[in-house]
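Peer 1: model the structure of this input:
(chains A and B)
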Amino acid sequence: MAMSSPPTGTGPDPGTEPGIGNGTDTGPDAVDDSRASAERPRRGRGSSGVAGWPFVAPFLVFFVLFLVVPIGFGLWMSFTDSSLTGHGDTDFAGLGNYTEAFTDSEVWQSLGNTAWFTVLSSVPLVFFALVMALLVHTGLPGQWMWRLSFFAPYLLPVAVVTQVWNLLYQPESGMFNTVLKAVGIDGIGWLVEERYAMWSVAILTLWWTVGFNFLLYLAALQSVPDHLYEAAALDGAGAWRRLWSITLPQLRRTTGLIAVLQVLASLKVFDQIYLLTKGGPAGSTRPILEYIYDTGFTNYRLGYASAVSYVFFAIVLVLSLAQLGLFSRRED
Amino acid sequence: MNGLSRRRLLKGSLYGAGAAVLAPALGACGSVTGSVSDADEVQFWNLFQGPDGALMKDITRDIERRTPGLKVRSTVLEWGAPYYTKLAMASAGGRSPDLAILHLTRLPGYAPGGLLDPFDMDLLAEFGVRREDLNESVFKRCLYEGEPYAIPLDTHPFIIYFDRDMMDESGLLKSDGQPVPFESPAHYLELAGKLRADHPGKLGPVFGHTSDAGMGWRMFWTLFNQTGATFDLSGRRLEIDREKAVEIVEFMADIVRPDCRTMDLTTAIATFANGQSPLIFAGEWELNTFRTAKKDTLGAAPFPTFFDRPGGASDSHSLVLPHRADADPRRRRRTHQFVAELLKSSLAWAEAGHIPAYLPVVESKEYAGLRPQADYAAAADHPVLDPQAWFTGSGSDFQNRMCQALQPTLTGAASARSAVRTMESEINTLLSKPNPA
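Peer 2: Model prediction:
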C-alpha cells in the first residue's frame, strides 16, 4: 500500500486494467474480472516496487534489526529456559513457561493491577479531557493560558513528575495531608496504604497526561462546522441541546480515537509506578510490565519473562482488535 | 534498453548509498560496549555517586599518581537493580570490565553462574595484601567452593545515630559519650517514651521505611538475627521460627507507631538532621549528610543489641573480577595491583563512613581518631549479611518484596502475623523458581 508506484514507464502497463482492488463489491459478473486484476497488479507492483526499495532500505534494516528480529527472538526465548547470565539459551522448555505463566498467581495479580489502573486512569482521562476542552472552547477569558497550563504537565519527564508528586504525597509533610489536616481530616497514606496507592498513581497520571487528550479534543472541537450551530440556534436550540445534539455526536470519532490510544497507553503503565512505589505496598500497584521487568532483568529469568510478555501481548492484541471493531462499527 | 540501464545504474548507486549510510551504524554495534581501549587501562565499574563517588575518584587519582604505569578508567553506574542487570549482562556477554564493585550479598547470584573469576591471593600478597589482613567475618562470605571470588573493600552496617545534646538531657549518655545500652525491646520503648516526653514538640526516635526497597527488611533481618532463631533458605521451602518472626514484626510496629508509622527515608533523614528527633536508625552511608547538618552534636553507635546477640544488617562493597574468556595475565596483574592499592588507601574511604575491611587500616591510630566512625567500627565484628540464596542481597527483588510485605503492618493496617505470612509465601515463591544463575 505504502509503496504505490508511478503508473507509467514500467513493463506491463497497468493503465489498461479495470478497477484495481475494488472487485469484491461490484456485481457477480465482475468476479472473474477482479480475480484477473488481482494477479496482474501484483506483478506490476513487484517489478516497479524494486525502484522503491533503496528508499525504504535504511528504515527496513532498522525495522528488521530492532523490531522484527527481537520479536522473533523473544518468541523463541519464551520457549527456552534462557537466563540473563547466558545460561539455558538452548534448554528448550516447550510450553513449560506458558503453563507456568497461567498458573502463576503473581502474573494474574499484576495483570489485575494493570487492568485496574487502566480503568481508573482511562475513564477520567477521557472524561476530564473533554470537560476541559469544552470549557476552554466555550471561551474562558485568557484561553491561551488555560491551554498552556492544561497541556504543560504533559511535557514534563516522568522523573520530574514523580519527584514532585512524591513530595505532595508525603504522609507527614506532604501538601495533601497538610491541607487535609488543616480542615480537620486525618491524613492518609497516599502511596503507602494498599487501598489508596493505585488511586494516587491514577490521579498523578491524570494530571500528567490529560493535556494530550485535551489537545486532541480541542482540535476536534475547533473543526466542528459553525453552520450546524447557527442552524440549531435559528431553530431555537439552547446551549445544552447544542452540546448533546451537535458537539458530542461530532466528537464521536475523536472520542473513539482517544479511548483506543488511552487504553493502550494505560496498559503500558510502568515508569511512574516503578519510580513512586516500586510496585508496593505489598504488590498492590505492581503492573504486569514491572513483573516482567523484575522477572527478566532483576531475577534474570529471560525465558519466562518473554513468555509472560507474549501472554500480555496476546491480551493487548485481542483488546485492540475488539476496540477497533467496536468503534468502526459504531461509525458505520 | 537505454532507459532500463539508466534506471539500473540509478538503482545500483542508491543501494550503494544505503549501504554507505548503514555501514557506520552497524559497525558501531561492535564497539559501543567499550572493549576497545587503551591496553594499559584497568576498567573499573562502580556504583559510587555523590560524596562516595567523589571520594573514590580522589583515591583512584592518588593511586595512579603513586603507582607508575597504573591507569584506571572508572565507569560510574547508577546503583540498584539496574547496576546488577548491566554487570550480569556484561559478564555473560564476554565484554566485561576488568574490575567491578559488587555488594557481597549478591555473590551467590554471580559466582556459581560463572560470571566471575577468582582472585589470585598469591598475586595480591605480592602487592602487600594478605588474607589475614582482611576482616574474617566478611571474607568468609567471599569464598565460593574455597576460592576467593571477591575481595571486601568495606563493611557498611545499619547503625544508630543520635543527637548528643538531646540524649544527654534525658540522661541517656554514658561518660564515654556512648548511649546507655537498650537491654530489651521493652527497655528501649520505655527510654524512647522518655526521650519523647523530655522534648515536647519534637519527635521521638525515627526510622524511615515506606516506599523503600531496603530499610524495612534491614530492620527485620537485624532484629531477627539478634534472636538467633531459625531462618533457613537452603531447602525447597523456607524454615523459619514463625513465632519469633511475629514477635520481631510486632516490635518493629511498636518502634514506628508513635512517630513514623508512615515515614519514608528522606523524611526521617531530614527530621533527624534538622534536630527534630534524638535518634535515627539508618545506614552508616548517611554519615556525610548528618555530619554536615549536626557537626559536633552527632553521635553514632553500632545497632543496639535488643535480643540475645549483637549484630546489624550489613553489606560489603567488594571487588570482583567479572569473567573474561580471554583474560590477559598482564591486565590481571595490574588489576590485582590496583585492588591492593585500593585496600591500602581505605583510610580515605573510611571518611565516607564505611568501615574498611583491610584490618591494618582499622587498627591504625589514624582510624581511631576518626569520629564518629571509630565509635561504630565494632559493628564490623558482627556483620549480618543477607541469608544466602541466588535471589537475595542488596538491590534485589527479594528485599523489595520483604519490605512490601512488612509495610501494611508498619503503617498499622495489618497484623504482624499477616506480614510474616506474606513474607513466608513470597520467599517460598522465590524458592520454587528455578535458579537462573
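Peer 1: now B:E284, nearest residue through space, not along the chain?
Peer 2: Leaving out its chain neighbours, the residue that sits closest to B:E284 by Cβ to Cβ, 6 or more residues apart in numbering or on different chains is B:G353, at 4.6 Å. No exception for glycine: its C-beta is placed from N, CA and C like everyone else's.
Peer 1: repeat that for A:D271.
Peer 2: That would be A:V158: by Cβ to Cβ, 6+ apart, it lies 4.5 Å from A:D271.
Peer 1: quick one, what contacts the one you found?
Peer 2: Contact analysis of A:V158 by Cβ atoms under 8 Å, 6 or more residues apart in numbering or on different chains lists A:W208, A:D271, A:Q272, A:L275.
Peer 1: taking those one by one, which sit in helices?
Peer 2: Residues from the contacts of A:V158 lying in helices, with DSSP state H as the criterion: A:W208, A:D271, A:Q272, A:L275.
Peer 1: lowest-confidence entry in those?
Peer 2: pLDDT is lowest at A:L275 among those; the value there is 91.
Peer 1: that one - how many residues pack around it?
Peer 2: Neighbours of A:L275 under the rule other Cβ atoms under 10 Å in any protein chain shown: 15.
Peer 1: again, but for B:S234
Peer 2: Per other Cβ under 10 Å, the neighbour tally for B:S234 reads 10.
Peer 1: can I take it that it is in a helix?
Peer 2: No: secondary structure of B:S234 (DSSP: H, G, I helix; E, B strand; the rest coil): coil, not part of a helix.
Peer 1: how about the nearest residue to residue 255, chain neighbours excluded?
Peer 2: The chain I'm using is chain A. A:V126 (6.8 Å).
Peer 1: not what I meant, chain B
Peer 2: What sits nearest to B:I255 in space, not counting adjacent residues and going by Cβ to Cβ, 6+ apart, is B:F207, at 6.2 Å.
Peer 1: that neighbour is in contact with B:R257, isn't it?
Peer 2: No: with contact defined as Cβ atoms under 8 Å, B:F207 does not reach B:R257; the gap is 10.9 Å.
Peer 1: ok, the two, which is more surrounded?
Peer 2: Each of B:F207 and B:R257 has its neighbours counted (other Cβ under 10 Å); B:F207 has more, 24 against 13.
Peer 1: can you pull the pLDDT of the more buried one?
Peer 2: For B:F207, pLDDT reads 97.
Peer 1: that one and chain A, how far apart?
Peer 2: 13 Å (Cβ to the nearest Cβ, to the nearest Å).
Peer 1: list the contacts of that residue.
Peer 2: B:M215, B:M219, B:I255, B:V256, B:C260, B:M263, B:A268, B:I280, B:F281, B:A282.
Peer 1: equivalent analysis for B:D168, please.
Peer 2: Neighbours of B:D168 in contact, by Cβ under 8 Å, 6+ apart: none.
Peer 1: show me where the stretch 51-200 of chain B has helices.
Peer 2: With DSSP state H, counting those that start in this stretch, the ranges of helices along the stretch 51-200 of chain B come out as B:81-93, B:121-126, B:136-139, B:164-169, B:185-198.
Peer 1: B:T227: which of those is closest?
Peer 2: B:T227 sits nearest to helix B:185-198 of all the helices of the stretch 51-200 of chain B, at 10.8 Å, using Cβ to Cβ.
Peer 1: what's the following helix or strand after the closest one?
Peer 2: For helix B:185-198, the following helix or strand on the C-terminal side (DSSP states H and E) is helix B:215-227.
Peer 1: what packs against that next one?
Peer 2: With contacts taken as 3 or more Cβ pairs under 8 Å, 6 or more residues apart in numbering or on different chains; DSSP states H and E, helix B:215-227 sits against strand B:154-163, helix B:242-256, strand B:312-315, strand B:383-384, helix B:397-410.
Peer 1: alpha carbons of the following helix or strand past the longest one, as PDB, please.
Peer 2: Yep, that's helix B:242-256 we're talking about. Using DSSP H and E, the next helix or strand after helix B:242-256 towards the C-terminus is helix B:265-273. Provided in PDB are the C-alpha atoms of helix B:265-273 (Å, rounded to 0.1, in the frame of the first residue of the first chain):
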ATOM      1  CA  LEU B 265      13.600   7.500  54.500                       C
ATOM      2  CA  THR B 266      14.000  11.000  53.100                       C
ATOM      3  CA  THR B 267      11.700  12.500  55.700                       C
ATOM      4  CA  ALA B 268      13.400  10.500  58.500                       C
ATOM      5  CA  ILE B 269      16.800  11.800  57.500                       C
ATOM      6  CA  ALA B 270      15.600  15.400  57.300                       C
ATOM      7  CA  THR B 271      13.800  15.100  60.600                       C
ATOM      8  CA  PHE B 272      16.900  13.900  62.400                       C
ATOM      9  CA  ALA B 273      19.300  16.200  60.500                       C
END
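Peer 1: spatially nearest residue to residue 147, not counting backbone neighbours?
Peer 2: The chain I'm using is chain A. Per Cβ to Cβ, 6+ apart, closest to A:R147 is A:V136, 6.1 Å.
Peer 1: that's the wrong chain, I meant chain B
Peer 2: B:P118 (3.9 Å).
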